[in-house]
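Colleague: With the input below, show me the fold.
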Amino acid sequence: MVTKLFLRPQSLPLTAFTPKFIFPSKRFLPIYFTPPFSTIIHSQSQFSGHTFSYGPSLRKGHHRFPSVSRQLPLDNSQPVIKTVIGNPERERLQNEKSEEVILDEDAFIRIFDIAALRITSRGCFELENRLRGHLLNWPRIRNIARVPGDEVEAELAELVGEQNRSYSDDGDGVDIDSLHRRIYGKAEDDGEPLSPVLYREKLVKTFDSKGYVNFRHLAKMSRPKKKKEKKEEGKDEGIKRMGKSEFSVVEVVESEELEGDDMKGLLGDEFKGGKWRGSTRLLLLDERYADKGVEELPEAIKALLKGETQESMKSTIELVRCRLTLYYDYWQMNEVLEALLPKDMIIPSAFETVGHIAHLNLRDEHLPYKKLIAKVVLDKNKPKIQTVVNKIDVINNDYRTMQLEVLAGNHSLVTTVVENGLRFHLDLATVYWNSRLATERHRLLSGFTCKDVVCDVFAGVGPISISAARIVKKVYANDLNPNAVEYLERNSVLNKLERKIEVFNMEGRRFISAMFASEKAPKITQVVMNLPNDAAEYLDTFKGILRDRSDVEFISPTIHVYGFSKARDPEFDFHERIRIALTEVAVDVDMRRVRLVAPGKWMLCASFKLPRSVVFSRRGLNM
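Modeller: Prediction:
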């Protein structure tokens with residue numbers, strides 16, 4: 001018999017070893033990409049020289065389309081290209097998008113032969129605990145699989161109740177009394193009244209010539225909604241496509257009780273087994289037992305089968321042969337990329353997420369495969385990720401904006417980011433944002449108090465300024481980029497903090513001079529300079545900034561300045577740059593490494609109290 005069921009995902013890690021193939025040149029695009037190992041692997045025995053890790057792998061199992069495998073090469077020397085012909089509409093679309101990559105997802109289908117124990121549903125969880133070491137235990141695959149088609153229906157229970165009542169007491173059949181209590185709220189000879197829900201359903205079914213007597217609107221609402229099946233054009237109607245969260249199918253292909261057909265027709269064509277025992281489940285066994293008979297199974301399983309048979313004249317456990325099919329949606333991103341990219345190439349498995357945008361930093365060796373990588377990243381991270389971009393050049397402009405290339409998905413770079421419970425609108429093409437600094441921003445904010453007044457020299461769209469506004473008394477935020485200032489004002493209103501933020505659009509040195517030349521200077525307690533590439537060079541602005549205002553009551557603010565260093569001792573190097581910029585030797589700096597941005601390149605944060613000797617120095621700059 002053939003019984004299908006769907007398994008839903010569980011978040012577990014997955015490892016696999018997969019071959020690679022060479023990417024074609026751009027002149028062959030658009031194409032379908034089909035993994036070279038697709039469908040040529042029918043069993044593990046074909047790879048006598050290889051050892052496979054436990055669990056599912058693209059190098060194990062077989063494909064359900066063996067005719068396709070004969071068309072594929074046996075090595076990785078040439079890419080597999082399936083050119084689209086005979087479809088004018090598709091050819092027209094491909095001409096419009098000449099670099100679009102289309103993956104052949106059917107090539108990633110793998111079928112595994114496994115064994116399972118078919119048991120009654122009420123005892124499945126107990127047996128799962130008893131046989132824990134002998135079950136499949138594959139990542140994101142449940143050990144207990146549901147078998148549709150043999151669930152107990154009310155009408156069916158009435159028809160088969162009498163013949164099953166005789167052996168229900170021994171646990172081999174349907175307990176009709178329990179069914180009546182679950183379905184109708186009471187059993188025969190049971191005087192308990194119906195529950196309110198069941199009583200309402202009974203009234204709904206009562207009608208006369210004019211229709212439903214009671215709850216006529218409720219009767220309409222109680223009817224189950226019909227599911228509309230959408231058929232995809234160009235797909236084989238015989239192949240049932242998987243849903244968003246369905247990536248595997250289990251089919252029972254062989255059963256021990258194929259002779260008895262006493263219930264066929266009554267239960268439908270899907271049931272072809274022997275004595276019907278009501279609702280059942282499949283307990284998937286370890287892959288090592290796929291081809292073993294009952295006598296070859298572990299002692300724990302044989303003892304279980306023997307014990308069940310002795311307790312009741314008829315065994316309630318049945319050993320069946322199953323077929324587990326894993327689809328493209330099952331395989332993780334790194335496994336698919338390992339299969340598609342050339343051998344020994346580093347797999348780009350990490351990326352930065354900015355709202356709905358995945359921001360890649362591809363190496364030079366990855367650039368010929370950038371469209372393919374972006375396609376896989378998009379497929380494996382939907383619906384959270386809708387756009388995949390790559391930085392094509394280093395940041396070398398005054399606004400610190402990145403040159404980005406859209407590789408897959410929609411071309412909108414306007415997105416919304418949620419951080420620290422706040423929402424930030426931004427356009428990644430015109431402003432700067434780094435989600436990897438969220439932890440550092442949280443650490444910095446944890447040192448602020450309600451008495452502080454913060455001066456954010458390079459505020460951007462406001463990740464520090466707006467977050468600080470919820471804590472401190474006042475925030476003065478500045479940025480040179482007019483687009484960033486526009487989003488900064490919009491985000492402050494969006495988060496209802498505009499009354500505590502004053503926004504400026506000025507050059508950094510002018511902003512520092514203007515703030516300390518005004519009456520706001522004595523109130524400023526925190527100065528944030530988050531521009532790692534150049535922030536240390538702006539420290540010379542503080543030299544002699546109050547040299548003509550000696551009568552001002554000055555409270556030394558805390559300066560938080562960020563910077564990069566490639567030196568062998570990055571803390572000492574950054575400290576020296578700060579002392580040179582301030583022309584002050586005695587500067588007590590609290591140094592902290594933030595993150596490693598590149599091999600040998602650290603991002604650091606230096607926090608220190610601004611010395612009075614620097615502020616009132618007579619060697620200040622003429623601004």
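Colleague: Give me the neighbour count for Arg568.
Modeller: 8 (other C-beta atoms under 10 Å). Any C-beta I mention is one placed from the backbone N, CA and C, and that applies to glycine too.
Colleague: roughly how far apart are it and Met402?
Modeller: From Arg568 across to Met402, the span is 29 Å (C-beta to C-beta, to the nearest Å).
Colleague: just Arg118 next, same as before
Modeller: Separation of Arg118 from Met402 (C-beta to C-beta) stands at 57 Å.
Colleague: Neighbour count for these two, which is higher?
Modeller: Neighbour tally, Arg118 and Met402, criterion other C-beta under 10 Å: the higher count belongs to Arg118, 24 against 20.
Colleague: Now do the SS call for the more buried one.
Modeller: The local conformation at Arg118, judged by DSSP: H, G, I helix; E, B strand; the rest coil, is strand.
Colleague: Tell me the spatial nearest neighbour of it, not counting adjacent residues.
Modeller: In this structure, Arg118 finds its nearest non-sequential neighbour in Glu318, 4.2 Å apart by C-beta to C-beta, 6 or more residues apart in numbering.
Colleague: and that neighbour, backbone torsions?
Modeller: Backbone torsions of Glu318, given as degrees, to the nearest 10, read phi -130, psi 130.
Colleague: can you list the domains in the chain?
Modeller: Following the TED database, the chain resolves into domains at 56-64+99-151+277-330, 332-412, 434-616.
Colleague: How far does the first one stretch from one end to the other?
Modeller: With C-alpha to C-alpha, to the nearest Å as the measure, the ends of domain 56-64+99-151+277-330 fall 10 Å from one another.
Colleague: If you average the pLDDT over that domain, what comes out?
Modeller: Rounded to a whole number, the mean pLDDT of domain 56-64+99-151+277-330 is 82.
Colleague: Tabulate the domains of the chain (TSV), appending distance to Arg423.
Modeller: Rendered in TSV, the data for these read as follows (distance: least, C-beta to C-beta, whole Å):
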stretch	distance to Arg423
domain 56-64+99-151+277-330	31
domain 332-412	10
domain 434-616	6
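Colleague: closest one to Phe247 among those domains?
Modeller: Closest to Phe247 of the domains of the chain, according to C-beta to C-beta: domain 56-64+99-151+277-330, at 3.9 Å.
Colleague: Out of the domains of the chain, flag the one nearest Val253.
Modeller: Smallest distance to Val253 across those (C-beta to C-beta): 5.2 Å, for domain 56-64+99-151+277-330.
Colleague: Name the helix or strand of the protein that has the lowest mean pLDDT.
Modeller: Ranked by mean pLDDT, DSSP states H and E, the weakest helix or strand in the chain is strand 81-82, scoring a mean of 36.
Colleague: what's the pLDDT at Tyr167?
Modeller: pLDDT, Tyr167: 40.
Colleague: err, Met263, not the other one
Modeller: 41.
Colleague: And stretch 480-500, what's buried?
Modeller: 480-481, 483-492, 494-495, 497-498, 500 (16 or more other C-beta atoms under 10 Å).
Colleague: And the next helix or strand past the helix or strand containing Phe574?
Modeller: Per DSSP states H and E: Phe574 is located in helix 570-582. Sequence-wise, the next helix or strand downstream of helix 570-582 (DSSP H and E) is strand 590-598.
Colleague: Would you mark the buried spots in that next one?
Modeller: Neighbour counts over strand 590-598 (16+ other C-beta under 10 Å) mark Arg592, Val594 as buried.
Colleague: Same check on stretch 465-476?
Modeller: Applying 16+ other C-beta under 10 Å to stretch 465-476 flags Ser465, Ile466, Ser467, Ala468, Ala469, Arg470, Ile471, Val472, Lys474, Val475, Tyr476 as buried.
Colleague: correct me, but the third one touches Glu440?
Modeller: No: under the criterion of C-beta atoms under 8 Å, Ser467 is not in contact with Glu440, lying 12.0 Å apart.
Colleague: quick one on the thing from earlier: what's the most distant pair in the buried residues of stretch 465-476?
Modeller: Arg470 and Tyr476 (15.7 Å).
Colleague: how about the strands in the stretch 451-600 of the chain?
Modeller: For the stretch 451-600 of the chain, the strands defined by DSSP state E, counting those that start in this stretch cover 453-456, 474-478, 501-504, 526-529, 558-565, 590-598.
Colleague: Outside of the second one itself, list whatever touches it.
Modeller: Same thing as strand 474-478. Strand 474-478 has contacts (C-beta atoms under 8 Å, 6 or more residues apart in numbering) with 453-459, 462, 465-466, 468-469, 488, 500-506, 508, 511, 515, 520, 523-524.
Colleague: Can you say which of those residues are buried?
Modeller: In those, burial by neighbour count holds for 453-459, 462, 465-466, 468-469, 488, 500-501, 503-504, 506, 508, 511, 515, 523-524, counting by 16+ other C-beta under 10 Å.
Colleague: Tell me who's in contact with Phe542.
Modeller: Here Phe542 is in contact with Ile512, Phe516, Ile559, Leu582, Leu610, Val614, Val615 (criterion: C-beta under 8 Å, 6+ apart).
Colleague: follow-up on the earlier one: just give me the neighbour total for the residue nearest to Arg118.
Modeller: Around Glu318 there are 19 residues (other C-beta under 10 Å).
Colleague: pretty sure it is touching Ala116, no?
Modeller: No: the criterion here is C-beta under 8 Å, and Glu318 misses it with Ala116 at 9.1 Å.
Colleague: Quick check: Ile119 vs Leu337, distance?
Modeller: Ile119 sits at a distance of 39 Å from Leu337 (criterion: C-beta to C-beta).
Colleague: er, Glu576 I mean
Modeller: The gap separating Glu576 from Leu337 is 43 Å, by C-beta to C-beta.
Colleague: Between those two, which has more neighbouring residues?
Modeller: Per other C-beta under 10 Å, whichever of Glu576 and Leu337 has more neighbours is Leu337, with 23 against 14.
Colleague: which residue sits closest to the more buried one, ignoring its sequence neighbours?
Modeller: Ile347 (5.0 Å).
Colleague: How about Glu498?
Modeller: Closest to Glu498 by C-beta to C-beta, 6+ apart is Ser492, at 4.4 Å.
Colleague: ok, Leu494 - contacts?
Modeller: Leu494 sits next to Arg423, His425 when contact means C-beta under 8 Å, 6+ apart.
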